[in-house]
Each structure stands twice: as structure tokens, then as C-alpha cells.
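Asks: A predicted structure for the sequence below; I have some questions about it.
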Amino acid sequence: MSNPSAVARPFDGLRVLDLSCSIAGQFAARLLADHGAAVRHLRQQAVDPGSAVFVHLNHNKIIDVLPVGGLVEALRRYGTGVDVIVVSGSAEAALARGVAPYALIATAPDFADEGPYRNWTGSELIHQALSGSMYYNGHAGQPPLYGVGDRASYAAGLFLYLSLVVRMRNRQPDTDGEIVQVAVHEAAAAMEQNFSAQWSYSKTIAQRGELNRPKARIRCADGWMMVFAMEGRLRELLTAVGAEDLADEPPFTSWQEFMGDLHNAFERVAERAKEKGAEDLLEAAVRYRLVMSPVRTPGELRDDSQLLARDFWREAEVEGRNQLVLGPMWRPLDYTPGPANRASEVAFRWVGGKTATDEASDRPLAGLRVIDFTTAWSGPLATRILAMLGAEVIKVESAERLDAWRGPAQGSTAQSVFYPDGRPGEQPYNRHAWFNAQNLEKKSVALNLKDPAGLAAARELCRDGDVVLTNFTPGTMQRLGLGFDELRACNPTITMVEMSGFGADGPLREHRAFGQTMEAMAGITAVIGYDASEPLGSGSAYVDPMGGLAGAAAALTALCHQERTGAAQYVEVAQREAAMHWIGEIILSAIATGTDPYPLGNARSGVVPHGAFRCRGQDEWIAIAVHTSAQWSALCSELGWSDWAGDPALTNLPGRLARSSEIEERLIAAAAQHHKAELAKRLQRAGVPAAPVLSGQDLFNDPQLRHRGWFTPLDHPAVGVREYAGLPVEIERRLVRPTSAAPLLGQHTGCL
């Protein structure tokens, strides 16, 4: 890495005023600061600048206290002459627009300002309930769990950053500003689009605790391991846990037998693993190329050997105190993301990106060509975001080795839920719901990269491309002859983004990574569960869309840098490191205090009640979160709890906390009498944060998303007309929607 002071960064000269009180707004502003912007954050007087969440979100900024006179005085004093102002809501955005008519005004409200939820009160629990992700977390028959931390808010922050970068790349100087808005509700929904796609295809929903994939958490001698078994590597898995003698016994004699008896198979693996230490099992996983990783606690990450080898941790001065902070979400080759809290000597130079030759295209990335060497979820999500923003994305595939999300070439009855009406059909690889949902707007070329002709064709695509994006194991592209040095030799302005699991160097460089194993290593899994007895983690591979968002953001940031410098750009996204930022404050707090958090079900500090309660129907739940005394009074009034409505002991948080079990029991009895959506509407009208916990079917039919035009019907030659989700990014006040279905395998080979 070169000296950051010697190399221009993408947003050097950009002046940002951060007036936001939200995680989403402050995180978006921090990412701008990470890459060169001079960001001034005005904190509320009561905010502790030494708190872990404040340090995590603001350590790269100039910190001042909000002046007497509040927002109006802050805008008057600091708002003129800035390029971007980040605020907390629509009213603040309107005020800022009046003061700085040429600035971009960024905001991340809970809900869009139209539709049936426009007046709803949001919180992290509410957004996760409405996103579809909460429904899939936890054990079957037990309450669904919300994901620890503030993942909906961090998703909104990244989407807000993406929205700002897109506009900064395209905007001409001295043009009128605009309000750039991302609703937290829509950002959260965008993270789990596979659930609604599954319903659209097969009218089935994913269930909590469903053992339909070869994955498990197993206890070892000193902790927990997350394990994915792989076809063709059962013997290696057994060897790693010291069970070689079982290789020729049922259910390990064939993959079909193993998949037919997963529960028993993993019990036998766990029986042997309990005698092994987590680090020994991790070492064996690397040696045998297994998808198996320990469940790290947040505090353990400070001494993690991979992070130390990569010099991950940083120190920053925050209001006179040195503080430990996380390293960058992504790493550019020719500059180091770092402190940008200084006044810039020059104004930001608005670049103005390529324009499309097709006059009908009005999307901001029109005219860009992206060469997509990605598979499964995270990489394809990153390139789908770029495609839906207007880039031409060419997906390079192999007919011999299919993208894992196309499914097996002959189809599989075990995966019937992913096919239209449960039928794989003659070309199942063109009919898989998840693949088709994550590869909208793209073109597909089928090339054999191990054949000289196929490799030459791939190089020709890269020669004419603007961005190359891959999520292969580090070193794969180099071994193919498509590494960064080879690509920039033939294309001096190429931008390359490599998204690996654990990074391009260090002892885990080649360790195989799936979403759930990266989540385990990121400290997230350890804090999701019903109690301290067992960490469960997310039901879906939530780190995959986290990595996808980081990959898209990294690509756009690097593209801005390339267009300012004219030089080729390389960026590395270690997805585990990127995911750690989503619980950055939890990690920093655990390290500082020496105390690790542990699973607490749906409990959250400072909020009582806070949980999911069963309603009428099969596996139907409502999420309720009471943050204030006013919300408590409204809850009591709406549910007819006259005895509690006047009880002063329950008005304050300590009083409710002392009687939390009693409150939950009464909520369980009350919720059971109601339909979840109707009760949520009633409570929201009364001012209580509440929401139905949505399944994939509910998500597909959600009235707010439907009002916003979230789903678009598209005709696919192998599956007919199905509906697909858009993005929580607005262009000219309309959500970005897909315009073309996913490609057939190799559909565009020879046509480009």
C-alpha cells in the first residue's frame, strides 16, 4: 500500500456536512470520509463521543457539537458551500435544500413518504420483521429471531452511499442539487429477495430450522463450528474430525445417503468433533479445502490470526482520545482508506461519467461494461446492482462447471422449491429462482477458461470492459491468466474488484467461504440465538448480501477514482471483514470491556417489550418494540390494559424491565387473538412500533412494497412471466426496477 497522503483519493475535495442522528446516515457519511471527503459531523450534546457506536461511525470525521439553535443554526453556520448534507428525515431535508440548493441532500427515513406504511414508526426489530429475514431465523415452532445489531440500518447506509456515489460520478458542476433518499424498510427488504422469488416460482416458503441443506453447527472441545458438507468431500470431512473409520459406513457411503439422513450424519460428525479444538479443526478445514469455520465471539476477533496477519486493526483519534477502530471495508491497491477529517485545499471535481450511446437509456451507469466472473449470491448481487443502475453486465459462465445457483445440470427433487411449480424441467439450470432473481439485466457467455480459445475470448471481453468483478478464491484469476497485472497490460484503465471470503493474504487466504461460515468468523453468529447455550446465527446466508453490497460500493468507488486519475484500479473486498462493520460497535465494545455479548433471544437493551408474539394462524407472528413511555401508554390503551395504563412503575424502563416476563406473558395472550397484519396496523395507528413478521409469501404481497412498485413482471423464456424485486435506490424519485430477465446459460455467446 502506498502513502495515502501522496495519492489522490476518489472524494478528495468533497465537502460533507453530517447532521444525521441515524446509523444509516452516519455510516454513509463515514464511507465518504474513508475515501477522501472532508466530513463535519455535528453531534447532539447528550451523545457520548467515546461510545463504541459513535467511534465506529464517526472516527474519520471532524467532530463538533450541534450549536444552540439546533438544525436551523447548524445549516446557517455550516451548510453553505458544501457538496453533500446528510440529515435524518424529510423535514430536515427540505430545510437543507433551502439553505444549499446546489448540494446533494441525503436522508434515510424509516419508510418512504408514500404508501400505507408512510406514517409508521420504525425500529430495527420492525424493519427486520418486514424484510423477510426474521421469519427465517431460529428454530421451527419457536419465535423468530431478529438479527443482532442494526443490520437494516447498515444496509440503508450502504445503499445511501451507493446512491450518492452514482450521482457524484454523473453530476456536472454547478447544477441544482437534489434530495437523495433510501428508506430503511426497502433497504432491509432488498437483502432478502430470494424469499419472495421462491414464492413467485413455487408458491413455497422457507421454514425456520429447515434441514434442507448440508449445514450444521457442531460443538467442539472449546467452542462451536459452522460446517457445510460438500459432495465429493465427505471423506475429507470425516478425516478432519478424526472419524476416518466411518467413511465406509452409512450414511457416509454416498452423497445421496448422506443427504437423506442429515440429522444422524451430523450427530455422528459432532460426536467426534467434540474432542477437537476449534483452531485444529480450522487448520484441517484449510488443509482439506472444507467449508468449516469456528464461531468467533466479537471479543476474540482482536487476536484473530488472519486479521492480525492482514494488519486489519487501526487506531484513530476521536476528540482527543486514541481509539481502536476497524480497518477498511474494502482495500484499494494504490491508496489507503484512512483519516480524511481535514479541510480540503481544493474543491471536489465533479467528473461526469460515460454516457450511453443508446438514447433510450437514462440510468446513471449506462455506457459502462462490467465483466462478471462471479457465482452464487454475493458477487452476482454486486453485479446485479450495477446492471440495474444501467451498466452492461456480461456474465462469464462455464457449461462444464455451472454456477452453483443454477443448480445441478439434471435438476434435483431436493431443490424442487426453487423451480417453477416445483418442476426442474428439461433445462433446470435456466429455471432456478435464486439464480434468476440475482442475475437480472445481464448477458451470459459460456466460455471454457482452461481452453486457449475460451481464455482469449475472455481477455477480449476484458479489453473492452470498464470493470471486472470476481468472487473466486484468491489467486484463481492469476492462475487463469486474468489477474490484475495481465488485465491492465491490455486495458490500462480497467477497474478490477476481487471479492474473496477472508482476503488475498494471510493464513486463511485460500480457506473456502460460504455466507454462514463467514458470518461465524465475523462475530455475528455468536450473538444470535435464544440463550447462551447455543449460537444459531442467521437463517439465511446474510453475509452474502452484505458482501454483495460492499462489492458494488467498492466497484463504484474505484470507478470514480479511475475516472479522476485515468489509471487502472484494483480493489480487494474481504467479505468477512466487510461484514464485521455491520456489528462494528458490538466488536469494539467487547474488546474494550473484555466482556463478550451472548445470545439473548429478541431482548434488546433499553427496549421493553421487544420481541415476537404468536398470532392467529399457522406460524404467524407480530413484532412489537416499546422504546418510550408514550409508546407504552399507547400499547396499554390499545390493548385495553387499564390496570397497567395508570401504573407509574411501568411507565419507566426499569419498571418494565423488572416485570418483563409478566409483560411478555400478557402480550402472548393478547396477540394470539388477532391476525398479525391487522394488529400491527392498530398498534401503529396508536403510535406503537409493531409489524407482522413476514414470510416470503407475505413479502411478495406486502402492500407497501406493492404500492411502491417494488416488483416487476418479466418474461423469461424458460419460466414464463414471474415477478422480480427492484432496488431501494431512487432515480428521479422512482425506485430502480429491472427491465429484463436473467439470461439463459450462454445465451449471448458469440454475440458480443
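Replies: Ah, there it is.

Asks: give me the nearest residue to the residue most central in space within the chain, chain neighbours excluded.
Replies: Centroid-nearest residue in the chain: residue 546, 2.5 Å away (criterion: CA atoms, centre = their mean). Residue nearest to residue 546 in three dimensions, not counting chain neighbours: residue 579, with 4.7 Å by CB to CB, 6 or more residues apart in numbering. Quick note: C-beta positions are derived from backbone N, CA and C, even for glycine.

Asks: then residue 329?
Replies: Leaving out its chain neighbours, the residue that sits closest to residue 329 by CB to CB, 6+ apart is residue 578, at 4.7 Å.

Asks: residue most distant from the centroid, this structure?
Replies: Most peripheral residue of the chain (CA atoms, centre = their mean): residue 643, 43.3 Å.

Asks: which helices and strands sit right next to the helix or strand encompassing residue 655?
Replies: In the assignment (DSSP states H and E), residue 655 maps to helix 653-658. The helices and strands touching helix 653-658, judged by 3 or more CB pairs under 8 Å, 6 or more residues apart in numbering; DSSP states H and E, are helix 648-651.

Asks: can you give me phi and psi for the spatially closest residue to residue 740 that is not a sequence neighbour?
Replies: Leaving aside its chain neighbours, residue 740 sits nearest to residue 441 (5.4 Å; criterion: CB to CB, 6+ apart). Phi and psi for residue 441, reported as degrees, to the nearest 10, are phi 70, psi 10.

Asks: report how many residues lie close to residue 441.
Replies: The number of residues packed near residue 441 is 24, by other CB atoms under 10 Å.

Asks: surely it and residue 739 touch.
Replies: Yes: in this structure residue 441 lies within contact range of residue 739 using CB atoms under 8 Å: 6.6 Å.

Asks: re earlier: the residue nearest to residue 329 contacts residue 546, doesn't it?
Replies: Yes: Residue 578 lies in contact with residue 546 (CB under 8 Å); the separation is 6.3 Å.

Asks: which SSE is residue 662 in?
Replies: Going by DSSP H and E, residue 662 is in helix 660-671.

Asks: list the buried residues of that helix.
Replies: Neighbour-count burial for helix 660-671 flags 663-664, 666-667, 670-671 (criterion: 16 or more other CB atoms under 10 Å).

Asks: next: stretch 166-184.
Replies: Neighbour-count burial for stretch 166-184, counted by 16+ other CB under 10 Å, picks out 166-171, 177-184.

Asks: one more: stretch 326-342?
Replies: 326-332, 334-338, 340-341.

Asks: separation between residue 302 and residue 600?
Replies: 22 Å (CB to CB, to the nearest Å).

Asks: now do the same for the closest residue to residue 204 other than its chain neighbours: helix, strand or coil?
Replies: Among residues not flanking residue 204 along the chain, residue 417 sits closest, at 4.4 Å (CB to CB, 6+ apart). What DSSP: H, G, I helix; E, B strand; the rest coil gives for residue 417 is helix.

Asks: my guess is residue 417 contacts residue 202. True?
Replies: Yes: Residue 417 lies in contact with residue 202 (CB under 8 Å); the separation is 5.0 Å.

Asks: before we move on, the earlier item: now the buried residues of stretch 326-342 as TSV including pLDDT?
Replies: Shown next, in TSV, are those (pLDDT from 0 to 100):
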residue	pLDDT
326	98
327	96
328	95
329	97
330	97
331	95
332	93
334	78
335	77
336	75
337	81
338	74
340	59
341	55
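
Asks: let's have those residues in CSV, adding secondary structure and distance to residue 649.
Replies: Converted to CSV, these look like this (DSSP: H, G, I helix; E, B strand; the rest coil; distance: CB to CB, whole Å):
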residue, secondary structure, distance to residue 649
326, coil, 41
327, coil, 46
328, coil, 48
329, coil, 45
330, coil, 50
331, strand, 53
332, strand, 55
334, coil, 61
335, coil, 57
336, coil, 54
337, coil, 50
338, coil, 50
340, coil, 49
341, coil, 46
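
Asks: any idea where the strands of the stretch 101-250 of the chain begin and end?
Replies: Counting by DSSP state E, counting those that start in this stretch, the stretch 101-250 of the chain has strands at residues 104-107, 178-181, 215-220, 223-228.

Asks: also the stretch 401-550 of the chain?
Replies: Per DSSP E, counting those that start in this stretch, the stretch 401-550 of the chain carries strands over the ranges 442-446, 467-470, 495-500.

Asks: model confidence for residue 394, exactly?
Replies: You'll see residue 394 listed with a pLDDT of 98.

Asks: wait, is it part of a strand?
Replies: Yes: using three-state DSSP, the assignment for residue 394 is a strand.

Asks: touching, it and residue 446? I think so.
Replies: No: the pair residue 394 / residue 446 is not scored as a contact, 11.5 Å apart, by CB under 8 Å.

Asks: who has more neighbours out of the two?
Replies: Comparing residue 394 with residue 446 by other CB under 10 Å, the one with more neighbours is residue 394, at 24 against 19.

Asks: not counting sequence-adjacent ones, nearest residue to the more buried one?
Replies: Per CB to CB, 6+ apart, closest to residue 394 is residue 443, 5.0 Å.

Asks: how close does that neighbour get to residue 726?
Replies: 20 Å.

Asks: repeat that for residue 736.
Replies: 6 Å.

Asks: pretty sure residue 21 sits against residue 88.
Replies: Yes: with contact defined as CB under 8 Å, residue 21 reaches residue 88; the gap is 4.8 Å.

Asks: so which of the two has more stuff around it?
Replies: residue 88 (18 against 15).

Asks: hmm, that one is touching residue 22, no?
Replies: Yes: between residue 88 and residue 22 there is a contact at 5.6 Å, judged by CB under 8 Å.

Asks: only alpha carbons, please: show the host helix or strand of residue 630 as CSV.
Replies: If you go by DSSP H and E, residue 630 is part of helix 629-639. Only the C-alpha atoms of helix 629-639 are listed here, as CSV (Å, rounded to 0.1, in the frame of the first residue of the first chain):
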residue,chain,number,x,y,z
SER,A,629,-43.1,5.8,28.0
ALA,A,630,-45.5,7.3,25.4
GLN,A,631,-45.4,4.1,23.3
TRP,A,632,-46.0,2.0,26.5
SER,A,633,-49.1,4.1,27.3
ALA,A,634,-50.3,3.7,23.7
LEU,A,635,-49.8,-0.1,23.9
CYS,A,636,-51.8,-0.3,27.1
SER,A,637,-54.6,1.8,25.8
GLU,A,638,-54.9,-0.1,22.5
LEU,A,639,-54.9,-3.5,24.2
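
Asks: before we move on, back to that, how many neighbours does the residue nearest to residue 329 have?
Replies: Neighbours of residue 578 under the rule other CB under 10 Å: 27.
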